[in-house]
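# task: produce atomic coordinates for the following.
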Amino acid sequence: MAIHPHPLDADLLHGIWRIIPNASLTEIIAQSGFNFQILDREHGAYDYDTLQADITACDAHGCAPFVRVSGKDNVEVQRCLDLGAYGLVFPQLSTPEEFARASAMMDHAPVGTRGFNPFVRAYGYGSEVVEETKRPWFIPIIETLSAVEALDEILQNPRIDLIYIGSYDLSAQLGCPGQMSDPKMVDVTNRIIAAADRAKVGIGLMALTPDLVAQWRSRGVRAIVHGVESHRTLQAFSGIIEASSGS
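Numbers count the residues shown, from 1 in each chain. Prediction:
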């Protein structure tokens, strides 16, 4: 296996959402230079078999496999971590207490509530010494207005490695679905970034154009998600037909 630098050591992390399980596609994306892929069990078609295949493919090519869990089920969380996810992305959290319960699922006792089995893939099926430093990232999504209102308290949680701004869910709650330039959406995004800056917590969000990537990078955003692979694939193939037809 090739030796790669750790994919999360870069100053600016580039990633993509994944909803189509396929190990070959995972390899292609990893070889393209992405730092991470978010394997999505909330909106995607991942089961545990396809999840393990895509986590393994990411590992083989120096790309960090994150998993968005489908909810707040401690068994699902534990299984995704045991398969070797580098971190988990949690959706639909609203209160500081919900964030605290989710973060506790990330770690073994006595720190957290995650069950311990050293014979799973995450620990080399029993071949590795379990190290406290091998800590998966906890990445909660800020996608509810309740979470925005309580954000200063939420960000006091020391287990948070990165927050992800769930722009689409927030825009829907603000009554401007998908309209990222709406003043209400701009205001909420600015509030989240300001709170994260105060707390010195990294930020991730979606940016679909080079101009937006540059804009968010100048604001100190740590992780850029370049869309969803289904949409990016559609754009690529549609572009071939449009270019070939002269339209």
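
# quick one: low-confidence parts of this structure?
Along the chain, segments meeting pLDDT under 70 span 1-5, 131-133, 246-247.

# for it, just list every one of the strands.
Assigned by DSSP state E, the strands in the chain fall at 13-18, 36-40, 64-68, 87-90, 137-142, 162-165, 202-206, 223-228.

# let me have the ones you listed in TSV, adding mean neighbour count and distance to V130 as columns.
Quick note: C-beta positions are derived from backbone N, CA and C, even for glycine. Listed next are these as TSV, based on neighbours: other C-beta atoms under 10 Å; distance: least, C-beta to C-beta, whole Å:
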stretch	mean neighbour count	distance to V130
strand 13-18	22	26
strand 36-40	25	23
strand 64-68	26	19
strand 87-90	23	17
strand 137-142	23	18
strand 162-165	24	24
strand 202-206	21	26
strand 223-228	20	27
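
# measure L39 to A100 for me?
25 Å (C-beta to C-beta, to the nearest Å).

# circling back: so for E242, which of the strands of the chain sits nearest?
strand 223-228 (18.4 Å; C-beta to C-beta).

# that closest one pairs with which strands, and in what direction?
Here strand 223-228 has these sheet partners by DSSP bridges: strand 13-18 (parallel), strand 202-206 (parallel).

# export those as CSV, with columns for distance to A45.
Listed next are the strands paired with strand 223-228 as CSV, based on distance: least, C-beta to C-beta, whole Å:
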stretch, distance to A45
strand 13-18, 10
strand 202-206, 20
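
# who wins for proximity to P140 among those strands?
Nearest of the strands paired with strand 223-228 to P140, taken as C-beta to C-beta: strand 202-206 at 10.6 Å.

# and the angle from that closest one to strand 137-142?
Counting by axes from the mean of the first three to the mean of the last three C-alpha atoms, to 10 degrees, strand 202-206 lies at 60 degrees to strand 137-142.

# got the CA positions of strand 202-206 in CSV?
C-alpha atoms of strand 202-206 as CSV (Å, rounded to 0.1, in the frame of the first residue of the first chain):
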residue,chain,number,x,y,z
GLY,A,202,-13.0,25.2,12.5
ILE,A,203,-15.7,25.6,10.0
GLY,A,204,-16.8,23.6,7.0
LEU,A,205,-19.4,24.5,4.3
MET,A,206,-20.3,23.9,0.7
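
# in stretch 225-245, which residues are buried?
Burial within stretch 225-245, assessed by neighbour count using 16 or more other C-beta atoms under 10 Å, is assigned to V225, H226, V228, E229.

# what about dumping the CA coordinates of that stretch to CSV?
Extracted C-alpha coordinates of stretch 225-245, given in CSV (Å, rounded to 0.1, in the frame of the first residue of the first chain):
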residue,chain,number,x,y,z
VAL,A,225,-17.2,20.6,0.3
HIS,A,226,-17.4,20.8,-3.4
GLY,A,227,-20.9,19.6,-3.8
VAL,A,228,-22.4,16.1,-4.1
GLU,A,229,-21.0,13.5,-6.4
SER,A,230,-24.3,12.8,-8.1
HIS,A,231,-24.7,16.4,-9.1
ARG,A,232,-21.0,16.8,-10.1
THR,A,233,-21.3,13.6,-12.3
LEU,A,234,-24.5,14.9,-13.9
GLN,A,235,-22.7,18.3,-14.6
ALA,A,236,-19.7,16.5,-16.1
PHE,A,237,-21.6,14.3,-18.5
SER,A,238,-24.1,17.0,-19.5
GLY,A,239,-21.1,19.3,-20.3
ILE,A,240,-19.7,16.6,-22.7
ILE,A,241,-23.0,16.5,-24.6
GLU,A,242,-23.4,20.3,-24.6
ALA,A,243,-19.9,20.8,-25.9
SER,A,244,-20.3,18.1,-28.5
SER,A,245,-23.6,19.5,-29.8
